[in-house]
Structures are given as structure tokens and as C-alpha cells.
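# mind folding the following:
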Amino acid sequence: MRTIRVETSAATILLTEAPEPKVRDRQTGEIAKDANSGEALMTIGVVYIEDGESSLIKVTVPEGGISEGLALGAPVSLPGLVARPWESVFNGQQRHGIAYRAAAVTPAVFPAATGAAA
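Numbers count the residues shown, from 1 in each chain. The predicted structure is shown next:
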């Protein structure tokens, strides 16, 4: 499947779930690893806000890309964010969605308010 680069410069992204290991196999507890580097993968939850609309999404990040100083509810940056459509059949049911992956997650600042009175 094709990956689609996500432009985040006009968005506010807030951390809603702290990083935790991405589980590859729920029965064995095996942690997912990057296919190229072998590095453990983590997932975070964020709210992505742009043009007055918001979405809660899960983002996969390599363990080495998790920055210090992350705080729940605080703005974050997701360099290299891409979206990849997926579909599969599980227990005879067709499932589909979008998987998000970023190279890192770092603390950010709230965007300056435009048109605010001084």
C-alpha cells in the first residue's frame, strides 16, 4: 500500500495517551519491531486539530524517537508523519482503516493565537 505524507504545519496536535509498547501478538505479548532497524515500536494517542475539526488517532513511533519531556495534554510535533490505508479479514470480517506512523514525537508549543487583542 502507498504511504501518504501528512502535512502538520497548520495543525495543533495534543498528546492524549503516553507512549507504550506496540504489541505484535496479544497472545504471546510479543512487542512489534521495525522491519528495517529491528527497533521496538511504541504507540501514542493524540488529538489532531485542524480547521476547527479534531480526530483522535494512534501513532506508531520507534522507541528511539520518543523524546523526553512529553506531558499529557501538551502539544507535540510528529516529524515524518505518514498515513497508510490498510485492510484485512479477521474472523471472516472485512476490516479497514488508516495506520499512522511518525519518525519521532517531540514537545511543541501552542500556536500563537491570530487576531487576539493585545
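
# use CA for all of it now, contacts and neighbours both
Fine.

# now stretch 27-41, how far from the centre of its chain.
16 Å (Cα atoms, centre = their mean, to the nearest Å).

# first-to-last residue distance for it?
Taking Cα to Cα, to the nearest Å, stretch 27-41 runs 18 Å from one end to the other.

# could you list the buried residues of that stretch?
Within stretch 27-41, the residues scored as buried using 16 or more other Cα atoms under 10 Å are Ala32, Lys33, Ala40, Leu41.

# list of residues touching the helix or strand of the chain with the lowest mean pLDDT?
When each helix and strand of the chain is scored by mean pLDDT, DSSP states H and E, strand 23-25 comes last, with a mean of 88. Applying Cα atoms under 8 Å, 6 or more residues apart in numbering, the contact partners of strand 23-25 are Gly29, Glu30, Ile31, Ala32.

# mind running it again at 6 Å?
Contact partners of strand 23-25, identified using Cα atoms under 6 Å, 6 or more residues apart in numbering, comprise Glu30, Ile31, Ala32.

# buried residues, it. List them.
By 16+ other Cα under 10 Å, the buried positions in strand 23-25 come out as Val23.

# give me the buried positions along stretch 60-70.
Thr60, Val61, Pro62, Glu63, Gly65, Ile66, Leu70.

# and of those residues, the nearest to Gly92?
Closest approach between these and Gly92, by Cα to Cα: Thr60, at 26.3 Å.

# list the contacts of that closest one.
Counting by Cα under 6 Å, 6+ apart, Thr60 touches Met42, Thr43, Arg101.

# quick one: the closest residue to the last one other than its chain neighbours from Val82, how far?
The shortest distance from Arg101 to any non-neighbouring residue, by Cα to Cα, 6 or more residues apart in numbering, is to Thr60 (4.6 Å). Counting by Cα to Cα, the gap from Thr60 to Val82 is 10 Å.
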